[in-house]
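Participant: Here's a sequence, model it:
(chains A and B)
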Amino acid sequence: MKLYNTETKTKADFIPIDPNHVTMYVCGPTVYNYCHIGNFRPPVVFDVLARVLRAKYPKLTYVRNITDIDDKINAAAAEQGVEISHITEKFTQAYHDDLAVLDVLPTDVEPKVTEHVADIHAEIQSLIDQGHAYEAQGHVLFSVASYPGYGELSKRDPDELLAGARVDVAAYKRDPGDFVLWKPSASDQPGWDSPWGRGRPGWHIECTAMAAKHLGDTIDIHGGGNDLVFPHHENERAQSTCSHGAKFVNYWLHNGLINMNQEKMSKSLGNVLLLKDLATQMPGEVIRYILLSAHYRAPLDWSDDVVQQAKNSLDRLYGVLRKMQDVDVPNDIANHIPAAFDAAISDDLNTPKALAELFALAKQANASQADMTHEEKVNIKAALLQSGYWLGLLQADPQAWFEGDSNDDQAADIERLIAERAQAKADKNWQRADEIRDELAAKKVVLEDGPSGTIWRIEN
RNA sequence: GGCUCGAUGGCAGAGUGGUUAUGCAGCGGCCUGCAAAGCCGUGUACACCGGUUCGACUCCGGUUCGAGCCUCCA
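Facilitator: Predicted coordinates for the structure are as follows:
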């Protein structure tokens, strides 16, 4: 497959270091608050990539961290007068709940910073020993000047970075571009003992330590939002390369951000949509569909229109599956991925194109189901389901999808009225039949008469 | 100001140097007791100005507009 690499700015064939074992690291959340929809684009995008890689290679180790040491966490804990673990445990759980709503599969490893403090110390010591880091006033700083490759990922000239620096530079820095690896904690702040005094790690060293510990010095794929390219990934790259003397990442992948009304979703603008709130208004699958309806590198505008369109589009696909409910597919359908779908998803994860291939299958099924052999139906349904699985879509029961959140009592009620209407229709009592349909329509229930009886769905 | 990316039909969104993207919405038809679903058909789409080319939405240059980033503080 081909992947676009931020570092080379080109799309290239993906060649793993070890074809029998692919490695991928994606930056996870800092657990100090509920996550908004923008925070979930990376987990969903890289979940699709993980599903595809697992299908194409014998083994994938996918690591996505939890950042549970951070000054924002400290601030939240101090504000609420609780231990930081109280904050981090609560929001780690919330994050997992949200991922489940989006049908994001678990990663192989989910390391926490608090469990890797010793590894972080080792990385920092390694950098000091090799002359890439220095101690100053309780801080340990990375020396940007010690690494000529600094700026290659984010396409920045270190000299110009200095010129553009708009914050006061701390006096203890040798170079304004130097960034902190370890910083001291005041006695009332959370801190960990270290060779450089009690303190806490800087922003970037944690990912270096966790990636190296779980995936080795050089990893195949590193992903994240494109707001992380600089400084986070640039700094990770500098730390890892200097500490281990090896290339850090072969393929850097970055997703575009989600906009609300043409603006970045951010708390300061007050335009965030928390996933847990969104999930009360629509199925998680609709959210996931929206996230995959644009190419992962493109920005994505969130709007009510987009939500409705996604819902309607999924209705179309589930409509096909509902029509084929009585077609049994074999358990093992992994080899039913259509070539065109595979080609689309393998072309730098072109999910919009892949979705179009799904609609092509749907059209084929809708147009010619009556003349299809049983085997053809099995094949097309298996293709839809397996392609859907790669995207993390279409795995729900089709009837349940259309019934929405209506309960059994309501369903029984609807079925009773449908039976009454069937009798009215048999009696050619169109007036009564239409009365029943109108009555149900008032409750958002839409009827569809088909050759095998009447089915119903809840209107969006 | 610097770096990076983008501008496609009512909306969303792929793609390609000359051929239908796809979905949603709309319109016409078929089907239906009537609908719904589905099928068929349908719409001055490729920001602007130059250039390259037999031919550009697609390549090159410029303009305009938009988005993200510009750390160590928070």
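Participant: just checking, what packs against the helix or strand hosting residue A:95?
Facilitator: Applying DSSP states H and E as the criterion places residue A:95 in helix A:84-101. In this structure, helix A:84-101 makes packing contacts with helix A:71-80, helix A:275-278, judged by 3 or more Cβ pairs under 8 Å, 6 or more residues apart in numbering; DSSP states H and E. All C-beta spots, glycine's among them, are computed from the backbone N, C-alpha and C.
Participant: The first one: which residues count as buried?
Facilitator: Neighbour counts using 16 or more other Cβ atoms under 10 Å place A:73-74, A:76-77 of helix A:71-80 among the buried residues.
Participant: Going by distance to RNA strand B, which of these wins?
Facilitator: Taking Cβ to the nearest atom of the strand as the measure, RNA strand B sits nearest to residue A:74 out of the buried residues of helix A:71-80, at 9.1 Å.
Participant: doesn't residue A:191 make contact with the closest one?
Facilitator: No - at 9.7 Å, residue A:74 does not count as touching residue A:191 under the criterion of Cβ atoms under 8 Å.
Participant: next structured bit after the helix holding residue A:95?
Facilitator: Counting by DSSP H and E, the next helix or strand C-terminal to helix A:84-101 is helix A:117-129.
Participant: residues of that next one that come out buried?
Facilitator: Under the neighbour-count criterion of 16+ other Cβ under 10 Å, helix A:117-129 has A:117, A:119-121, A:123-128 buried.
Participant: Residue A:111: which of those is nearest?
Facilitator: Checking those against residue A:111 with Cβ to Cβ, the nearest one is residue A:119 at 9.1 Å.
Participant: Does the closest one touch residue A:210 like I think?
Facilitator: Yes - shown here, residue A:119 and residue A:210 form a contact pair, counting by Cβ under 8 Å, at 7.1 Å.
Participant: now the residue lying farthest from the centre of chain A: how far from RNA strand B?
Facilitator: Residue farthest from the centre of chain A, counting by Cα atoms, centre = their mean, is residue A:427 at 54.0 Å. Taking Cβ to the nearest atom of the strand, to the nearest Å as the measure, residue A:427 and RNA strand B are separated by 11 Å.
Participant: Repeat that for residue A:392.
Facilitator: Looking at residue A:392 against RNA strand B, where the rule is Cβ to the nearest atom of the strand, the gap reads 18 Å.
Participant: Could I get the contacting residues of that residue?
Facilitator: A:44, A:47-48, A:51, A:102-105, A:288, A:292 (Cβ atoms under 8 Å, 6 or more residues apart in numbering).
Participant: quick one: contacts of whichever strand or helix holds residue A:318?
Facilitator: For residue A:318, the element it lies in under DSSP H and E is helix A:304-323. Helix A:304-323 is contacted by residues A:282, A:285-286, A:289-290, A:293, A:355, A:358-359, A:361-362, A:365-366, A:369, A:381, A:384-385, A:388, A:393-394, A:396, A:398-399, A:401-402, A:455, A:457, A:460 when judged by Cβ under 8 Å, 6+ apart.
Participant: Next, the buried residues of that helix.
Facilitator: Within helix A:304-323, the residues that count as buried by 16+ other Cβ under 10 Å are A:306-307, A:310-311, A:313-314, A:317-323.
Participant: same question, stretch A:134-152
Facilitator: Applying a neighbour-count criterion of 16+ other Cβ under 10 Å, one finds A:134-135, A:139-144, A:146-147, A:150-151 buried in stretch A:134-152.
Participant: Need the residues you listed in TSV (columns: secondary structure).
Facilitator: Output for the buried residues of stretch A:134-152, formatted as TSV (DSSP: H, G, I helix; E, B strand; the rest coil):
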residue	secondary structure
A:134	strand
A:135	strand
A:139	strand
A:140	strand
A:141	strand
A:142	strand
A:143	coil
A:144	helix
A:146	helix
A:147	coil
A:150	coil
A:151	coil
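Participant: quick one: which two of those residues are the most distant?
Facilitator: Pairwise distances across those peak at 24.4 Å for A:135 and A:151 (criterion: Cβ to Cβ).
Participant: Now do the same contact list for the residue nearest to residue A:177 when sequence neighbours are not counted.
Facilitator: Excluding its sequence neighbours, the residue lying closest to residue A:177 (Cβ to Cβ, 6 or more residues apart in numbering) is residue A:144, at 4.1 Å. Under the criterion of Cβ under 8 Å, 6+ apart, the contact partners of residue A:144 comprise A:150, A:158, A:175, A:177-179, A:238.
Participant: Output those of those also counted as contacts of RNA strand B.
Facilitator: A:177-179 (Cβ under 7 Å from any atom of the strand).
Participant: Could you tell me which of those residues count as buried?
Facilitator: In these, burial by neighbour count holds for A:177-179, counting by 16+ other Cβ under 10 Å.
Participant: List the buried residues for stretch A:87-100?
Facilitator: Residues of stretch A:87-100 classed as buried: A:87-88, A:90-92, A:94-95, A:98-99 (neighbour count, 16+ other Cβ under 10 Å).
Participant: Could you single out the nearest of these to RNA strand B?
Facilitator: The shortest separation between RNA strand B and any of these is 14.5 Å, and it belongs to residue A:87 (by Cβ to the nearest atom of the strand).
Participant: per-residue confidence at that closest one?
Facilitator: What the model reports for residue A:87 is a pLDDT of 94.
Participant: for it, what are its contacts?
Facilitator: A:31-32, A:73, A:76-77, A:80.
Participant: Going by neighbour count, which residues of stretch A:4-13 are buried?
Facilitator: Applying a neighbour-count criterion of 16+ other Cβ under 10 Å, the buried positions in stretch A:4-13 are A:4-7.
Participant: Now, the residues you listed that are in strands?
Facilitator: A:4-5 (DSSP state E).
Participant: quick one: which of the buried residues of stretch A:4-13 is nearest to RNA strand B?
Facilitator: Proximity of the buried residues of stretch A:4-13 to RNA strand B was ranked by Cβ to the nearest atom of the strand; the top entry is residue A:6 with 7.8 Å.
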